Structure formats: structure tokens, C-alpha cells
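Trainee: below are the sequence and a predicted model; questions follow.
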Amino acid sequence: MLSGSMVACQDGCTPATPDTTAAISGTGARLWNDRLTLLLESTGEGIFGIDLDGRCTFINRAGAQMLGYATGQVIGRNMHELIHHAYPDGRNYPVDECPIFRAFWKGLPCRIDSEVFWRADGSCFPAEYSSHPIIEDGVVLGAVVTLVDISERKRTEEMLKLAKDGLERRVEERTQALSDALRQLRELSAYLDTVREDERTRIAREIHDELGSLLVGLKFDVTWLGKRLIDQPELDRKCLSMGRLIEGAVENVGRIITDLRPSILDHQGLWAALEWQAQEFADASEIACDSRIAIATDTPAPAGRLAIAVFRIFQEMLSNVARHAQARAVSIRILAQDGMLRVEVSDNGNGAPASAFDSPRAYGVLGMRERAGHFGGDIRIESAPGAGTHVRLRIPLQPGTARDDKRALGAAP
């Protein structure tokens, strides 16, 4: 330990003189400088210092080699003009925009990884560098700069970017292919629906024309025969029984024809067909049915494939209630206004989890969604076990056909 001009030593060392103390202090300074030099030389990062004029005051071997210079070629040179004078595209880099110099001009450190440094041979390399001001007694004396060649990192990033871009292109191409396939499937589904409806219409007409007329003719014949067998009670009763069977067959044929293709849809339009179907459901199911229909003034009923699609979706809504809901009451709301048709069916039945309606085996729901989607509409289902089910169809009508509704929809949502 040093005390004044004396150096206390163990084992009877002689006191040190002032000259001895100075020698020891100088040796310590040289050792510290040597260790600092070793530290600078041992790091793989480039490190250099600059004064307030931007001239290099020191640089380690790694920094000089990174820049393609010998250490002595850099000392005293303006570092901005030497290694940081231009952007990657060759444009001049003004010194007043240099983050390195701003570090000591404003006393603020910086860290940059988006610029390049220029080598002695005129080539450049991407670098990550940081600049910290050297401050002593509140006065900025210069800055210390560390730099790392990040060429490999940039190559890796570029390769990753290329791979990502390639993957995104493949995903986009695959997505487009899937979209095209989905569009084709929907077009096929719509075509099959059209073919099915045409076939239903054809079968209904043939049943009406052939079987219906045949049954009517048979009914006339049995009636004619019964009138001539009044004096034969047994045969007369048989004719009456045959007549009743024929009447039942006629009713069944009419029901089948209606199921295949309701004539009201063709003769009175969609609004009348929906109202009729709601009443048929109420009569057949014996479920309390609150049905309200509001059609905006002068809104014509859609015809053709759109009308058929809406009618079949409505049929499926009611059919699901009758078959699965075990409901005591059903609310039906039909609203057409502002170019949009909304059909909603709500019941207070058993309900079901969302997964039941999203299942690939829920063919009825899939069919409704496909029919609605083909015309730009959508089906939304809200349900939970024990909480009933709410099914809503929204589908656009022909543009410009709806006006402000003059009638209240009441409790319609």
C-alpha cells in the first residue's frame, strides 16, 4: 500500500523514494495500456476512435483488416470520407447526416444495421455499427465506434426472404387453385340444383298429366258403375270403398306433386309461396307458430333459380325444426327491403352445439349454405343445448327493386 512517499512492504522491505514511486506508477500505466491494447486486439469486432474533427485516433487490427487497410493507413484520416462517404447505390452520404458524427455532435449514442462501409479496394459491405460519445468532465472529446461485418447475416436474411417469398407464392397459387376448385364445386352444386329442380318439375307434370288424369278417369268410371249397382248392395258398397281409395290416391298424388314443385311458386310467386309454406308447417306440426312477413312496397318477388333457392332453404329450416328441435313454439320473420331479403326461423327447442351445424355430415345445413352462397347470401345459425336455435338467411334481391318498408315488422329482430 502507498502512503505519502513511502511504500510499505512486508518482510522488512526498504521504504520507497519518490523516484521509486514514480517508476512504479509509470509501470502501472504501461501495463494498463498494454492490457487495453490486448483487449482491443483480442476482440473480433472492429473498434476505432475519432476526435471532434472526425479523424481516427486509434483502430484495432480487426477493424483495419475489415476495411482493407493497415492500421497506420487509417490513423489521422477522416473516417466519414474514408469509409462512410456513400450509400449502397453510390449516392453521396452527407457528413451532417452521418449518425457516427451526430453521436458526438449531439452527445447521443446510436446503433445502425442498415448501412454499408467502404473498403480500400472500393467495395462495400453491410455493417452493423454503434457510436458512443467520449465525454470527460461534461465535455465531448470524440466518439468510439464498433463495427461488425454482417454480410453473412444479410445473405441469410435474403435467402430467408427469398424462401418466404417463394413459399408465399406457392401458398397464393395453392389458395387460388383451391378457390377455383371451390368456385367450380359451387357452380356444379348450383347446376345440380337446377337439374334437380327441372327434373322435379318434369316429374310433377308427368304425374299430374298421366297419373292424375288416370285417377280422375278411374273415379268417374267407379262412380258410373256405382250408379248402376244400386240394386246390388254389396257391389255398391265396394264401389263406394273403391271411390274413397281413389280419392285418397288423388290427394296423395296432389301432395307428391306439391312436394316436388309447389304450383303456388310458379303461379303466385315467392311471397305467397313462403306464406303458404309457413301455414302448411303450422297446420302439419301443431307447433305454436308466430309468423310475420313484411315486404317493402313495390318489391317484386324474385323469380327463377333465386326464388327456388329461397323457397328450398325456407323448407329446410322448417323441416329441421319439425324433425329435430322438439320445440313448442316457432317464430318466423320474413323481411324484404333495401334490396335484401332476410328470413329468420327461431325455436325454443333442444338446441345443439355449434359443432353439430359445422359437421361435414350436416347435409341439410351444407345444402342451405351452398344455395345461399351461390346467390351471394349467407346462412347464420345460433344455437346452444337447451337454448333453442336461431337460423337466419340473408340474400340480396335484384338491385334497385326494394324501397322503404311501409309496414312494421313488429318484434322481428
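Mentor: Yep, it's here.
Trainee: tell me where this structure has strands.
Mentor: Ranges of strands in the chain, per DSSP state E, are 2-3, 6-7, 46-51, 56-59, 110-118, 124-136, 139-149, 288-295, 329-337, 340-347, 378-383, 389-396.
Trainee: sheet partners, orientation included, of the fifth one?
Mentor: According to DSSP bridges, the neighbouring strands of strand 110-118, each with its direction, are strand 124-136 (antiparallel).
Trainee: repeat for the last one
Mentor: When pairs are called by DSSP bridges, strand 389-396 turns out to pair with strand 340-347 (antiparallel), strand 378-383 (antiparallel).
Trainee: give me whichever of these is most buried.
Mentor: Most buried of the strands paired with strand 389-396 by mean neighbour count (mean count of other Cβ atoms under 10 Å) is strand 340-347; its value is a mean of 22. All C-beta spots, glycine's among them, are computed from the backbone N, C-alpha and C.
Trainee: report the angle between that one and strand 288-295.
Mentor: Put simply, strand 340-347 runs at 170 degrees to strand 288-295, going by axes from the mean of the first three to the mean of the last three Cα atoms, to 10 degrees.
Trainee: now do strand 340-347: everything it contacts.
Mentor: Applying Cβ atoms under 8 Å, 6 or more residues apart in numbering, the contact partners of strand 340-347 are 274, 287, 302, 310, 313-314, 317-318, 321, 325, 327, 329-336, 388-397, 402, 412-413.
Trainee: buried subset of those?
Mentor: 274, 287, 302, 310, 313-314, 317-318, 321, 325, 327, 330-336, 388-395, 397, 402 (16 or more other Cβ atoms under 10 Å).
Trainee: in a markdown table: the strands of the chain, plus distance to Arg369 and mean pLDDT.
Mentor: What follows is the strands of the chain, written out as a markdown table (distance: least, Cβ to Cβ, whole Å; pLDDT from 0 to 100):
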| stretch | distance to Arg369 | mean pLDDT |
| --- | --- | --- |
| strand 2-3 | 91 | 36 |
| strand 6-7 | 96 | 35 |
| strand 46-51 | 64 | 92 |
| strand 56-59 | 71 | 92 |
| strand 110-118 | 50 | 91 |
| strand 124-136 | 53 | 90 |
| strand 139-149 | 57 | 90 |
| strand 288-295 | 23 | 90 |
| strand 329-337 | 19 | 92 |
| strand 340-347 | 14 | 93 |
| strand 378-383 | 5 | 92 |
| strand 389-396 | 10 | 94 |
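Trainee: as JSON lines, these with distance to Asp358 would be great.
Mentor: As requested, the strands of the chain are exported to JSON lines (distance: least, Cβ to Cβ, whole Å):
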{"stretch": "strand 2-3", "distance to Asp358": "85"}
{"stretch": "strand 6-7", "distance to Asp358": "89"}
{"stretch": "strand 46-51", "distance to Asp358": "60"}
{"stretch": "strand 56-59", "distance to Asp358": "67"}
{"stretch": "strand 110-118", "distance to Asp358": "47"}
{"stretch": "strand 124-136", "distance to Asp358": "50"}
{"stretch": "strand 139-149", "distance to Asp358": "53"}
{"stretch": "strand 288-295", "distance to Asp358": "28"}
{"stretch": "strand 329-337", "distance to Asp358": "23"}
{"stretch": "strand 340-347", "distance to Asp358": "19"}
{"stretch": "strand 378-383", "distance to Asp358": "9"}
{"stretch": "strand 389-396", "distance to Asp358": "14"}
